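Student: fold the stuff below for me.
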Amino acid sequence: MSKTARRRSRELALQGLYEWLVAGSAVNDIARDLSLSQSYPKSDQPYVDEILRGVVATRAELEASLVPLLDRPVDQLSPIEHAVLLIAAWELVYQPALPFRVVTHEAIELVKSYGGTDGHKFVNGVLDKLAGAGRARGADAAPPPADADPE
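Tutor: Residues are numbered from 1 along each chain as shown. This is a model prediction of the structure:
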C-alpha cells in the first residue's frame, strides 16, 4: 500500500516531535532537518510544519486534555506514544474537518510502525476517551474530505 502525502507528513512530524521531546532541539532546527529528509518532497510539506509548530505551541493545552485519560503520568509515556497522542489531539482540536476515525486510524498506524508492541491499543483507548470527552462522533458520519487518509 502506498503512503499518502498526509501519512508521510504525520511520520515526519512524529520524527520531529520525537527529537523535540527527547533531545529538546529547537523547532526551527528540526523543521530544517525534516525538510532535508528523502520523504519530505513526497509529503504535504505545509502540513508537516503545521503539525510540528502547532503541537509545540499548544503542548500544554493538549497535554491537559490527555492527562485525565492516561493510566500513568505524561513523563512515563514512551516518546513515540507521547508524540502520537499530541499529534492526534492536535488534529482533533485544530483540524475539525478530519473525521475522528481518520485521526484515530492514522495515530494507530504510526504507533504500529514506530512504537512498542501494544502501544496501538493504549493510543486507541486514550483517543476513544478523548473523542468521547470532546468532539462529537456524529460529525464523523459524513465522508472524509478528499485530502484525508481514510485507509
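
Student: could you pull out the strands for the chain?
Tutor: Applying DSSP state E to the chain gives no strands.

Student: can you give the distance of the worst-scoring helix or strand of the chain on mean pLDDT from its chain's centre?
Tutor: When each helix and strand of the chain is scored by mean pLDDT, DSSP states H and E, helix 119-133 comes last, with a mean of 89. In terms of CA atoms, centre = their mean, to the nearest Å, the centre of helix 119-133 is found 12 Å from the chain centre.

Student: buried set for it?
Tutor: Using 16 or more other CB atoms under 10 Å as the test for burial, helix 119-133 gives 119, 120, 122, 123, 126, 127, 130, 131. Bear in mind the C-beta positions are built from the backbone N, C-alpha and C, glycine included.

Student: cool, stretch 18-35 as well?
Tutor: Buried residues in stretch 18-35 (16+ other CB under 10 Å): 18, 19, 20, 21, 27, 30, 31, 34.

Student: tell me the centre residue of this protein?
Tutor: Centroid check for the chain by CA atoms, centre = their mean gives residue 87 as the closest residue, at 2.4 Å.

Student: the longest helix along the chain packs against which elements?
Tutor: Longest helix in the chain by number of residues (criterion: DSSP state H): helix 5-23. Where contact means 3 or more CB pairs under 8 Å, 6 or more residues apart in numbering; DSSP states H and E, helix 5-23 is packed against helix 27-35, helix 45-57, helix 79-94, helix 100-114.
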